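Colleague: Next come a sequence and a model predicted from it.
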Amino acid sequence: MDDGQLEQKHDWLVDQLKLGSRAAAAELVDIYYEQIYLFMRRLGHTRQVSEDLTQESFLQAWKYINQIRHGRALRSWMYRIAANVSKLYWRKHYIRKTVNIEDVELPDCDDGQNCTIERREQLDRLGKAVVRLPIKLRQSIVLHYMQHLTISEAAQAADIAEGTFKSRLSRALTALRKEIAVKA
Amino acid sequence: MKKDELPELLNELTQLTTEQVDPTLAEAIKNRIPWSLLRQRGGIHTISIIIDLRVGKLAAAAVIILAMILCAHFFSSRDWKSDGIFQNGKMIAKYLLSGKYPAAESTPVARSRYYYLREQGKEAVYYGDVIDPKDPNAILIHWKLRKGRYKVLFADLTTKTVTAEQLISLQARMLQNKAE
């Protein structure tokens, strides 16, 4: 499906959602539940919490369904809700804000993956460095590089200006480079 | 580390951290879709519809107020077949156009207020049938407050709290004006 068709489909979906269609709501779940769950996981939440927060994100989405304007903004709107849900969770459970590094063990490489020991160590270090980043910087990295949102979409999802988002992203990359270089 | 290497590593990390999502999660979320996705917001919808019809704001406000009066009449015990609705509507339209409450049109409002005060057990006196309604200083109703004070509602629908002596002088002035 090309970008034009996808946009048309999202426009249609948003129209249906605004009319209160439960079928459209179910389709929205099918499209986004995996993405939102993985977003939560990459932000550093545990499996159980990620599932709960994914559910909570959709509940919030139903609640504010009237706020969405057009299909183009659907993706960033969903991520924005998810980011807010995650932020509220961190705020409530501030003691557990820092993720236990031991929890961020990467799975073993598949046979097909190019996975030398050195590369593997590098990825391990990077994974740990990402979860050590302050929440705002971590969110920028996850949104753009891991969830593959465009700068504009990611900025909308983070509810900040594009310039601010680029600056955060640059700070996050610098911090990651430093972290990996020090460890190496 | 090269500048391009970090995004590449992040991409690789993404692939490595992509895990299988429990398929029952989708079902669990779908089961929580509310039966009515859209919250009922009658007032807002009414305003939106009226604005969509390209009706002026003033006319829209008049329509909403009239609708509220109609509802109030339907849900109250008053006789809705009387000309009260028409009179009130006419009065509101005049008020919206001139910005002032016309003294001559205030009698039905005062009568409603009088009935309301009586229902509340207040000692109220209604003058609407005997005064000159075009005189804005004419007293439409007065009712007793605590400590020997009285509240007076004039024909232009302004109110004033007065003492017993002031009330007597207002009544005398009103009778004098009527006699003239």
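Modeller: Yep, it's here. Residues are numbered from 1 along each chain as shown, chains lettered A, B, ... in the order given.
Colleague: From the chain's centre, how far out is stretch A:145-156? Work that out for me.
Modeller: Chain-centre distance of stretch A:145-156: 9 Å, with C-alpha atoms, centre = their mean, to the nearest Å.
Colleague: Could you pull out the buried residues of that stretch?
Modeller: A:145, A:146, A:147, A:149, A:153, A:154, A:155, A:156 (16 or more other C-beta atoms under 10 Å in any protein chain shown). Yep, even glycine has a C-beta here, placed from its N, CA and C like the rest.
Colleague: and which of the residues you listed is nearest residue B:154?
Modeller: Ranked by distance to residue B:154 (C-beta to C-beta), the buried residues of stretch A:145-156 are led by residue A:156 at 57.9 Å.
Colleague: and the gap between that closest one and residue B:180?
Modeller: 74 Å (C-beta to C-beta, to the nearest Å).
Colleague: Apart from its chain neighbours, what residue comes closest to residue B:127?
Modeller: Ranked by C-beta to C-beta, 6 or more residues apart in numbering or on different chains and with sequence neighbours excluded, the top spatial neighbour of residue B:127 is residue B:139, at 5.4 Å.
Colleague: For that neighbour, give me its contacts.
Modeller: Residue B:139 makes contact with B:127, B:131, B:152, B:153, B:154, B:155, B:170, B:171, B:174, according to C-beta atoms under 8 Å, 6 or more residues apart in numbering or on different chains.
Colleague: For it, give me phi and psi.
Modeller: Dihedral pair for residue B:139: phi -80, psi 130, per degrees, to the nearest 10.
Colleague: Looking at it now. What's its pLDDT?
Modeller: Looking at residue B:139, its pLDDT is 86.
Colleague: what's across from it in the sheet?
Modeller: Going by DSSP bridges, residue B:139 is paired in beta bridges with residue B:154.
Colleague: The one 5 residues further on too?
Modeller: According to DSSP bridges, the partner residues bridging residue B:144 are residue B:150.
Colleague: how much space between it and chain A?
Modeller: 51 Å (C-beta to the nearest C-beta, to the nearest Å).
Colleague: and the longest helix for chain B?
Modeller: helix B:57-75 (DSSP state H).
Colleague: now the residue nearest to the spatial centre of chain A: how far from residue A:9?
Modeller: Geometric centre of chain A, nearest residue: residue A:39, 3.3 Å, by C-alpha atoms, centre = their mean. For residue A:39, the distance to residue A:9 (C-beta to C-beta) stands at 21 Å.
Colleague: thinking again about what came up before, am I right that the residue nearest to the centre of chain A falls within a helix?
Modeller: Yes: remark: residue A:39 belongs to a helix, assigned using DSSP: H, G, I helix; E, B strand; the rest coil.
Colleague: coming back round to it: which of the buried residues of stretch A:145-156 fall within helices?
Modeller: Judged by DSSP H, the buried residues of stretch A:145-156 include A:153, A:154, A:155, A:156 as members of helices.
Colleague: show me what contacts the third one?
Modeller: Contacts were defined as C-beta under 8 Å, 6+ apart; by that measure residue A:155 touches A:161, A:162, A:164, A:165.
Colleague: tell me which of the residues you listed is nearest to chain B?
Modeller: residue A:165 (15.6 Å; C-beta to the nearest C-beta).
Colleague: which stretch of helix or strand covers the closest one?
Modeller: Taking DSSP states H and E as the criterion, the element that holds residue A:165 is helix A:162-183.
Colleague: need the residues of chain B near chain A, please.
Modeller: Contact residues, chain B versus chain A (C-beta under 8 Å from any C-beta of the partner chain): B:1, B:6-7, B:9-19, B:21-22, B:25-26, B:28-30, B:32-39.
Colleague: if you set the cut-off to 10 Å instead, what comes out?
Modeller: B:1-3, B:5-39, B:41, B:44 (C-beta under 10 Å from any C-beta of the partner chain).
Colleague: in chain B, which spans are strands?
Modeller: Under the criterion DSSP state E, strands of chain B are mapped to B:124-126, B:139-144, B:149-154, B:159-163.
Colleague: okay, the angle between the second one and strand B:159-163?
Modeller: If I follow you right, that is strand B:139-144. Put simply, strand B:139-144 runs at 50 degrees to strand B:159-163, going by axes from the mean of the first three to the mean of the last three C-alpha atoms, to 10 degrees.
Colleague: The helix holding residue A:165 vs chain B: in contact?
Modeller: Yes: for helix A:162-183, a contact with chain B is found by C-beta under 10 Å from any C-beta, at A:172, A:173, A:174, A:176, A:177, A:178, A:180, A:181.
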